[in-house]
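> quick check, what structure comes out for this input:
(chains A and B)
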Amino acid sequence: MGAVLSCLTWPLQPINVRLALTDVPDTDREESPVDRGSDADATEPVSIATGRSRPLGSIIRSAEIDTRLLGMIGALIVLWIGFNIMSGGTFLTARNLWNLTVQTSVVAVMATGMVLIIVTRNIDLSVGSMLAAVGMAMALLQTEILPDIFGIGHPAIWILSLAAGIALGAAIGGLQGAVVAYVGVPSFIVTLGGLLVWRGLAWWMASGRTIAPMDKTFQILGGGARGTIGGTWTWIVGIAACVGIVALLAVRRRQRIKFGFEPRPMWAEIGIGAVACAVVLGATTVINSYPMPERLAMRYAEENGIAWPPGGLSIPLGLATPVLVAIVAALVMQFVATRTRYGRYVYAIGGNPEAAELAGVKTRWTIVKTFMLMGILVAVAASIQIARLNAATSGMGQLAELYVIAAAVIGGTSLSGGVGTIPGAILGALVMQSLVSGMVLMGVDAPLQDIVVGVVLVAAVALDSFYRRKVT
Amino acid sequence: MTQQTLQKAPLVEMKNIRVAFGGVHAVDDVSVDLYPGEVVALVGGNGAGKTTLIKTLSGAHRADSGEIWIDGERATIENPRDAKALGIETIYQTLALAENIDSPGNMFLGRELRTRWGTLDDSAMESATREVMARLNPQFKNLKVPVSSLSGGQRQSVAIAKSVYYNARIIIMDEPTAALGPAETTQVGELIKQLKAEGIGIFLISHDIHDVFDLADRISVVLQGKLVGTVNKTDVTMDEVLGMIIIGKLPSDVTQTELDDLHG
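As a prediction, this is how the structure comes out:
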């Protein structure tokens, strides 16, 4: 097992690693499976037992695919199929999957930020309370303060309240980050304090009242009746994503060739591109096969001058705005984490804070920036939340911090720092939400739901650390 | 000091450096200097203050008082960035690598190469690392794996490659061979000679008296935070240097009986 796993984690030239350590000349040629097989047997006799999975391992290896992510996708698929069977076929329906995407978006947006926080060896326990405070501020702005200035329905209302929310999120995050980085109070304590302070602030801002309704345009963010982009635009997004995937693969390949590195084999490039596009287009098809409810479709037909046929119309709702927001947030955060200097510093600090400092990285400022980024993402999540509820209460986002941290951790983020990915966190959020949603469909009691989610969280981390020990 | 080095201006002069931790003087009024193309070894027992002294030059620690002159000009070094700007590169005892990041990432940490869009140019960094490694450690080819899965020698190569790549004028090596096997130690020795030939000045901190005699031109001995003295390697014997390290007496002051007692 050890050999196969070690092959999986070092996708590029994994044999090389072992050989370099034993000073054997480099013979990492993929074309000679016989040689490679005997190599593996010589160093790692245990792998004979799993000989059947070796070809798969070598395919994955030469295609340079992240196997942890692949494992998570596998787990998610198993989970979905299991729930579908147990719920009598109601889980894998367009309706449920569409709802699942909307329900996941709030936690997913925040989880992308939590990954970077945890990677820098910190934690943010205040995101749920911060969500309530920022959400409450945005709600008050658009229902009680700005309409008096601009008049109800003015476009400045939703723009200003969104901007103010994001600024407030960044400010709260920055304040917490500064106390962590410059004063030196552990982030666990700072954000534990924040958990109480921001919740109190949320209550205090409106004396505990529920603030409603939101601005009409702002409500689009919540993905309600008007908060979807429609079938045509959903297809456009799906196709654009495919073009993007292919372009990205092409650029990477050209880059590798330019610097004289061996590119991925062509079959792997095409295979990855094809699978990724198939998944994207498949998801688009599923989303678009969830039609508008009849009443909404009728109104839509009326507004667009379409005659209402006797059998009714099947008009796709399309991608919900909060899902689109979550996708954009994930793409931006993935870019920030992997392609920017700041992202590299975040991982360097997590790996060895002293080394980062000695290399000239402004470690304290990087940590402040990370908390600010978290605050901004909380503000985005808060705007989705209040738009969805069409109301803000001081109790919003309770326990959200735990779901967000759990999503990041299930997605492979290590609490000891330095390790974690954005796609992993998104998958983690999907796993959490699928569990909850699936159990609701099966009619599981709320207390049992909590028990299952808790057990799965611990089991996922246990499995992960077991896997890590195996490969290192 | 040889006639040859006298003709050039000193590359580094550290004058009357003091560092205190609480009430303890870790470094007490120490002055050392370094000329281009020269290796000065800093030796002394554990806690003698070698590393603390050198940290004031690399920017990892600030001196409480004293002056640092680089190329005859007064320099202010408050953090590692200032030191790097002056062409001072440090290879730390702990190697100071981020374990979760690959070799090119570590080599360029803090000074990443970027594309014209401002994003990280990983391919260019990998290519540059490959070039430097071809010179330093040709057997080391698996650059894209996290440093945590590399051997001690490979890690040392990454740490050294860092300073070589940036055309440092002054390199500080804190126990560069402590974690290495004999073959790798020889390799580092060769590298130091190569750097010397290029006119680079090297401060070498070492516990290994044989390494010191093999590589250094001059030897500065520190004991309990104070400088015992600086001697030319060719003027002294190993025993005399050991005498300086342990008894704290210069070769001219020490008696033969005291030296014999060292082996007792």
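
> surely B:Ile91 touches B:Pro176?
Yes - in this structure, B:Ile91 is within contact of B:Pro176 by CB atoms under 8 Å, at 5.7 Å. The C-beta positions use only the backbone N, C-alpha and C, and glycine is treated the same way.

> residues touching B:Val12, list them.
B:32-34, B:57, B:68-70, B:170, B:201, B:203 (CB atoms under 8 Å, 6 or more residues apart in numbering or on different chains).

> ok, of the residues you listed, which one's closest to chain A?
B:Leu57 (12.9 Å; CB to the nearest CB).

> tell me the confidence at residue 15?
If you meant another chain, say so; for now it's chain A. The score at A:Ile15 is 31. That number is its pLDDT.

> meant chain B, my bad for not saying
For B:Lys15, the pLDDT comes out at 93.

> ok but it is inside a helix, no?
No - looking at B:Lys15 with DSSP: H, G, I helix; E, B strand; the rest coil, it is strand, so not inside a helix.

> count of neighbours near it?
Neighbourhood size, B:Lys15 [other CB atoms under 10 Å in any protein chain shown]: 15.

> thought it was touching B:Val30?
No - the criterion here is CB under 8 Å, and B:Lys15 misses it with B:Val30 at 9.0 Å.

> mind listing the shared neighbours of these two?
B:Gly66.

> gap between A:Tyr347 and A:Ser87?
40 Å (CB to CB, to the nearest Å).

> and these two? Which one has more around it.
Of the pair A:Tyr347 and A:Ser87, A:Tyr347 is the one with more neighbours under other CB under 10 Å, namely 22 against 19.

> what helix or strand is the more buried one on?
helix A:341-351 (DSSP states H and E).

> immediately after that helix, which helix or strand?
Next element after helix A:341-351 (DSSP H and E): helix A:353-358.

> any idea of the mean pLDDT for that following helix?
90.

> C-alpha coordinates for that helix, PDB please?
Taking Å, rounded to 0.1, in the frame of the first residue of the first chain, the C-alpha atoms of helix A:353-358 are listed here in PDB:
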ATOM      1  CA  PRO A 353       7.200  31.300  10.200                       C
ATOM      2  CA  GLU A 354      10.800  31.900  11.200                       C
ATOM      3  CA  ALA A 355      12.100  31.000   7.700                       C
ATOM      4  CA  ALA A 356       9.500  33.300   6.100                       C
ATOM      5  CA  GLU A 357      10.600  36.100   8.400                       C
ATOM      6  CA  LEU A 358      14.300  35.500   7.700                       C
END
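
> return the set of buried residues in that helix.
By neighbour count on 16 or more other CB atoms under 10 Å in any protein chain shown, the buried set for helix A:353-358 is A:353, A:355-358.

> can you pull out the helices in the stretch 151-300 of chain A?
A:155-178, A:187-205, A:230-258, A:266-288, A:294-303 (DSSP state H, counting those that start in this stretch).

> of the ones you listed, which is nearest A:Leu463?
A:Leu463 lies closest, by CB to CB, to one member of the helices of the stretch 151-300 of chain A: helix A:266-288, at 24.1 Å.

> what's that closest one packed up against?
helix A:54-63, helix A:94-119, helix A:230-258 (3 or more CB pairs under 8 Å, 6 or more residues apart in numbering or on different chains; DSSP states H and E).

> how far out from the middle of the chain is the longest one?
This means helix A:230-258. 19 Å (CA atoms, centre = their mean, to the nearest Å).

> which positions in it come out as buried?
Neighbour count says helix A:230-258 has A:230-231, A:234-235, A:237-238, A:241-242, A:245-246, A:249, A:252, A:255-256 buried, by 16+ other CB under 10 Å.

> same check on stretch B:144-159?
B:144-147, B:149-151, B:153-159.

> that one and chain A, any residue contact?
Yes - using CB under 8 Å from any CB of the partner chain, stretch B:144-159 reaches chain A at B:144-145, B:148-149, B:151, B:154.

> by pLDDT, give me the weakest of the buried residues of stretch B:144-159.
If you rank those by pLDDT, B:Gly153 sits at the bottom with 76.

> quickly find the element holding the residue nearest to B:Ala26 when sequence neighbours are not counted.
Spatial nearest neighbour of B:Ala26, chain neighbours left out: B:Thr52 (4.5 Å); criterion: CB to CB, 6 or more residues apart in numbering or on different chains. Using DSSP H and E, B:Thr52 maps to helix B:50-58.

> now do the helix or strand following that helix: distance to the chain's middle.
Next in sequence after helix B:50-58, counting helices and strands by DSSP H and E, comes strand B:65-70. Offset of strand B:65-70 from its chain centre (CA atoms, centre = their mean): 18 Å.

> packing partners of the next helix or strand after strand B:65-70?
Next along the chain after strand B:65-70, taking DSSP H and E as the criterion, comes strand B:73-75. If you count contacts as 3+ CB pairs under 8 Å, 6+ apart, strand B:73-75 packs onto strand B:65-70.
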